[in-house]
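**Q** after the sequence you'll find the predicted model.
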Amino acid sequence: MLDKTVIKKLEQIVGKEHVLTDKTSLICYSYDATQRKFLPAAVVHPGSAEEISRIMALVNQHQIPIYPRGAGSGFTGGSLPTSANGIVLGLTRLNRIIEIDEDNLVATVEPGVVTEDFQKAVEKVGLFYPPDPASLKMSTLGGNVAECAGGPRCVKYGVTKDYIIGLQIVTPTGDIIDTGGPTMKGVVGYDLTKLICGSEGTLAIISKIIIKLLPLPEAKKTMLVLFDSIDGAAQAVSSIIRNKIIPATLEFMDGRTLDCVREATSLEVPDNARAVLIIEVDGDREYLDKQAHRIAEIIKPLGVVETRIAETPAESDALWQIRRSVSASLRRVNPDKFNEDICVPRSRVPEMIRKIDKISDKYGVPIVNFGHAGDGNIHVNIMIDSKIPGEQEKADQAIAEVFAGALELGGTMSGEHGVGIMKAPFVNMELGKASIDYMKTIKQALDPNNILNPGKIFPSDVKQNIEDRI
Amino acid sequence: MPKLKTLEDYRDEIKHCVKCGGCRAHCPAFGAERHEGRSARGKIALADALLDGEVDLEKQFLLDMSQCLLCGSCYSQCPNKVHTEEIVAATRREIARRKGLSTFGFGVATVLKHPKLMNLLAKSGGTLSGLLFKKIPESSGLRLRFPAPFISSDRTLPPVTAKPLRERFPEIIPGTEGAPTVLFFTGCGINYMYPESGEALIKALKFLGVTILIPQEQACCGLPAVSAGATDTVERLATINLEMFGKHKYDTIVTACASCHSGLGQIYPGMIGAEGDYQKKIRDIFVYLVEQGLPEKLEQLPKAKERIKVTYHDPCHLRNHGITKEPRAILKALPQVDYVELPGPGSCCGLGGTYSVYHYDTSKKIGAKKAALIEETGAALVATDCPGCIMQLQDNINHAGGNQRALHILDLLAEALEKAEYRI
């Protein structure tokens, strides 16, 4: 429970209607896409950086944990208010696109802007913001920056942090500072912008974002290629890139995924297809046809069952439908899904898939893989029925082995979802003690009272924090 | 008597929501207010908490549960296909069961139960009151949609007809010998407010030569009562209609109202003890006309020299059943129509059963977005397939200061068929 005087002060800062303490509202801000639930003590929706600054000064003084939140669509619990007396800091009221500067190809936005709304706004003036996490229709740019979101287009265009050139942030002690700026270059002092990107809301509250934009490619072309083996598909990825073509997206689905979608989609998928690549190239219209056919030629000897090239946007959409149907169709396998997002060097994707298949057989749990083949980011979906005794334990062991497998191949346990609370128990496997200590030193220096999104990322903190509440 | 499912019956389905938040992009009520409790995900979390006894029926709970148009946009985009609109309706019934309808957050079904309020309605100078309550029976969903004391004074509504549709025609209009029989489920909107659209439908059926059956005993489908959480009313209306469906002989049931189509085609099949042959026979009128090859016949008519630019709004309750092509096929085939596609054709108009009565301000926000999209097309007319949408779209346009007219596709079809008759 929060002290009544703290609630009163919060109301004075943001206005009474923006401080929620009724049970109904607390329930509505207790979860994210991890499906874990932690009831906060209050939910506060500030309307400006100044208000955030006053809130931070207040909670720092009273040592009350505070948890920044965008759309609450994260997969690792980054926004979950894990402490019983925690306050959720909802940033969705800050949802203005402040400026789209067409002379400098730079935009300034507030953190609560929905990613897709921003993309549409810049595309209207012929500009392009490439990062495209699957959640882009609902997730916010602030959340994308905090988690350093990725997406299919990253193979060619890079991830969120590659487009963030400046921020306005509020520190855990309530100072408002600017990092970076609207210039294309800038080397004065540490690169705090990049430090904040992907820091999962543990180092600062993002109150403004300066974004670098690209010219919008004139057109794109989608092709769907069915292979008779995952090796063929993986070799195709390497061959395409070795031939100096970088498609805008290079998405793959393995045989088990295809088995799931076969019934769920109107597209015909032949039985001998054991992997699929969806390849999209973008750029000048006249050069796309040439490029698509060049790709078709390169991959021809690699066990191609069938190649379909979309000629119209409607046909392109039909090809993407097969990818979009994956999520729902997986539930046919089992009701509960553990979605991990390991990333390995792209040439090692087939090796990783074989490792995963072995792990799946070893524990007798179905594992379905799809994802961003072009950058080696594989979505590993461990499907269980957690109501069956012993299944959860098997899934946990399988997850640990999948992570170990990715690390053996020079990869990482998370390409784009972050650590939060879900992956924290495994962080020791990837980061050495010195590395974790280095990070914790930064955290402790900037947030001496450990009030900003505590209990995330670092294994010991998470363990202590969560066990307290269970 | 057929029974509606209880909230408890939805326990499993509630667990299927994985809290991905995808619904935030599609829920019109969330889009207008942007509070998590307004989103489908929030409402499911609340329904779950109610089942577990974690939350009471406090003010905020009632408010959030009332903020749903039952449009099913969330369902149509949900990766796990969770029927939030059904879960919300079941939660409203649960609230009514626990608190009694009179204290229910929506204030709705009270009009049916309390004589005092009924008198107030009859006496009040509300927009629809006088004529409406003389002409419209107690059981009609229109009473739930427009309880006069709640109607905002700046709302524009169509006049109520002096002579309802079903009083204008005999129960049976014979077709050519051996022709199939089509049962016309008129619905309240067409019967009391837009009888001309009903006449147009009859004209189209006559054109096909079928026998038309318009049972006089048909009652409101019950959808507004579902929206209000009025369990008894829904079950009573379903009983009347199911008896009617069982009594008559017919080959097809047609509706010209998306809400009625959903009432008969989704609510009844979801009830316990409402099974029957009738379920396979329900058709939206345009699905039926397309099955009968009408577009091909219309294509043969000479195109008008001066055509009128028309766009189409997808009613939520047809879009969710996958009915989007057929109304467009008829519209595009009309000789006087120059068809233009509406951007965001399936975004909700903002009516939502009883929603617009109790949340007229949010409803107007949702409607303003729609009106702007209609303006963008440059169309003079916005046609649709639902009297509720027509009424709401016109109100949206009026508030936006637009000069477009909202109407039923049937009205345009009748116009084309009339001209065709001259030639024949």
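**A** Looks like it came in fine.

**Q** pretty sure A:Ala219 is touching A:Leu288, no?
**A** Yes. Taking contacts as Cβ atoms under 8 Å, A:Ala219 lies within contact range of A:Leu288: 5.9 Å. Every residue, glycine included, has its C-beta placed from N, CA and C.

**Q** who has more neighbours, the two?
**A** Just comparing A:Ala219 and A:Leu288: by other Cβ atoms under 10 Å in any protein chain shown the higher neighbour count belongs to A:Leu288, 18 against 15.

**Q** and the residue lying closest to A:Tyr157 once chain neighbours are set aside, how far from chain B?
**A** Spatial nearest neighbour of A:Tyr157, excluding adjacent residues (Cβ to Cβ, 6 or more residues apart in numbering or on different chains): A:Pro130 at 3.6 Å. Look at A:Pro130 and chain B: by Cβ to the nearest Cβ, to the nearest Å, they are 19 Å apart.

**Q** show me what contacts A:Pro130?
**A** By Cβ atoms under 8 Å, 6 or more residues apart in numbering or on different chains, A:Pro130 lies in contact with A:151, A:153-154, A:156-158, A:163, A:214.

**Q** please repeat the previous calculation with a cut-off of 7 Å.
**A** A:153, A:157, A:214 (Cβ atoms under 7 Å, 6 or more residues apart in numbering or on different chains).

**Q** which ones among those map onto helices?
**A** Among the contacts of A:Pro130, the members found in helices (DSSP state H) are A:Tyr157.

**Q** of the contacts of A:Pro130, which is the most crowded?
**A** A:Arg153 leads the contacts of A:Pro130 on contacts (other Cβ under 10 Å) with 23 neighbours.

**Q** how is the chain partitioned into domains?
**A** Defaulting to chain A. Domain assignment for chain A, taken from automatic domain parsing, gives A:4-90, A:97-215, A:219-323, A:333-421.

**Q** can you look at chain B instead?
**A** Domain segmentation of chain B under automatic domain parsing yields B:7-99, B:110-150, B:165-291, B:294-423.

**Q** of all those domains, which one comes closest to A:Ile279?
**A** Across the domains of chain B, A:Ile279 has its closest neighbour in domain B:7-99 (23.7 Å, Cβ to Cβ).

**Q** and that closest one with chain A, contact?
**A** Yes. Remark: domain B:7-99 sits within contact range of chain A at B:18-22, B:24-25, B:34, B:36-37, B:42, B:45-46, B:49, B:55, B:58, B:60-61, B:64, B:79-81, by Cβ under 7 Å from any Cβ of the partner chain.

**Q** can you read off the backbone torsions of A:Ile309?
**A** The phi and psi values for A:Ile309, taken as degrees, to the nearest 10, are phi -110, psi 120.

**Q** that one: neighbour count?
**A** The burial count for A:Ile309: 18, using other Cβ under 10 Å.

**Q** give the bridge partners for it, please.
**A** With DSSP bridges as the criterion, A:Ile309 is bridged to A:Met223.

**Q** that one reaches A:Met223, doesn't it?
**A** Yes. Taking contacts as Cβ atoms under 7 Å, A:Ile309 lies within contact range of A:Met223: 4.6 Å.

**Q** pretty sure B:Thr161 is touching B:Ile190, no?
**A** No. B:Thr161 is not in contact with B:Ile190 according to Cβ under 7 Å; the separation is 9.9 Å.

**Q** show me which of the two is the more surrounded one.
**A** For the pair B:Thr161 and B:Ile190, the greater number of neighbours falls to B:Ile190 (30 against 19), based on other Cβ under 10 Å.

**Q** how near is the nearest residue to the more buried one once chain neighbours are set aside to chain A?
**A** Leaving aside its chain neighbours, B:Ile190 sits nearest to B:Gly198 (4.4 Å; criterion: Cβ to Cβ, 6+ apart). Counting by Cβ to the nearest Cβ, the gap from B:Gly198 to chain A is 36 Å.

**Q** give me the pLDDT for B:Gly198.
**A** pLDDT for B:Gly198: 97.

**Q** does it sit in a helix or strand, and which one?
**A** Applying DSSP states H and E as the criterion places B:Gly198 in helix B:195-208.

**Q** repeat that for A:Gly150.
**A** Under the assignment here (DSSP H and E), A:Gly150 is part of no helix and no strand.

**Q** that one and chain B, how far apart?
**A** 17 Å.

**Q** need the contact list for that residue.
**A** Neighbouring residues of A:Gly150 by Cβ under 7 Å, 6+ apart: A:131, A:133, A:159, A:377, A:415-416.

**Q** closest one to B:Gln292 out of these, please.
**A** A:Pro133 (47.0 Å).

**Q** much appreciated, bye for now.
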